[in-house]
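*Asks:* Got a sequence here, can you build the structure:
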Amino acid sequence: MASRHLSRSIVMQSLYEWDFGGKESDFKKIVERNIGEFGPGLKEQEFVWQLAEGVRKHWDGINKIISITAPQWPLEQMNIVDRNVLRLGLFELLHGNKEEVPPKVAINEAIELAKTFGGETSGKFINGVLGTVYKNLEPNEAKETEK
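*Replies:* Residues are numbered from 1 along each chain as shown. Below you'll find the model as predicted:
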């Protein structure tokens, strides 16, 4: 498994655990434990931390975007895997380094995580929400990300 894909998997699993536990646990300790358990010897741990801390930093804004983009699925009723894959995908799509991870790659990675960890329709759901957000980016920003 490529190290960046593994990093995303670790972050998604950490977000899932933290969210499932009511956000009562120490998120940093969850991430550290999951790096040790699922990514022993992972060379690019800084990417894990960049994603994990980025999602946490933009938590409220990301949740608001999910609520606006998928109003028929209230966040608290959404499948826990789907909402955390969306959080991770939206962070990369909106706040990530577009030169390192182009938007279409961020969307595809999120879809793959949804297919791996989610339900039968998770991939399509993630694709629909992230695709809608991508299409609604400022036209100039969308053109810039495709270069």
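*Asks:* Look through the chain and tell me its longest helix.
*Replies:* When every helix of the chain is counted residue by residue (DSSP state H), the longest turns out to be helix 3-20.
*Asks:* next helix or strand past that helix?
*Replies:* Moving toward the C-terminus from helix 3-20, the next helix or strand (DSSP states H and E) is helix 27-38.
*Asks:* And the average pLDDT for that next one is what?
*Replies:* The average pLDDT within helix 27-38 is 96.
*Asks:* who's in contact with that helix?
*Replies:* Around helix 27-38, the neighbours that count as contacts under C-beta atoms under 8 Å, 6 or more residues apart in numbering are 6, 9-11, 13-14, 17-18, 42, 45, 48-49, 52, 56. Using the backbone N, CA and C atoms, a C-beta is placed for each residue, glycine as well.
*Asks:* Alpha carbons of that helix, in CSV - could you do that?
*Replies:* The C-alpha coordinates for helix 27-38 follow below in CSV (Å, rounded to 0.1, in the frame of the first residue of the first chain):
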residue,chain,number,x,y,z
PHE,A,27,-7.1,12.6,19.5
LYS,A,28,-3.4,12.8,19.4
LYS,A,29,-3.0,9.6,21.4
ILE,A,30,-5.4,7.8,19.1
VAL,A,31,-3.4,8.9,16.0
GLU,A,32,-0.1,7.9,17.6
ARG,A,33,-1.5,4.5,18.5
ASN,A,34,-2.9,3.9,15.1
ILE,A,35,0.4,4.9,13.4
GLY,A,36,2.1,2.2,15.6
GLU,A,37,-0.6,-0.4,14.9
PHE,A,38,-1.4,0.1,11.2
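*Asks:* Give me the residues contacting whatever helix or strand comes next after that helix.
*Replies:* Next along the chain after helix 27-38, taking DSSP H and E as the criterion, comes helix 45-57. Around helix 45-57, the neighbours that count as contacts under C-beta under 8 Å, 6+ apart are 3-4, 7-8, 10-11, 14-15, 27, 31, 35, 39, 42, 62, 87-88, 91-92, 95-96.
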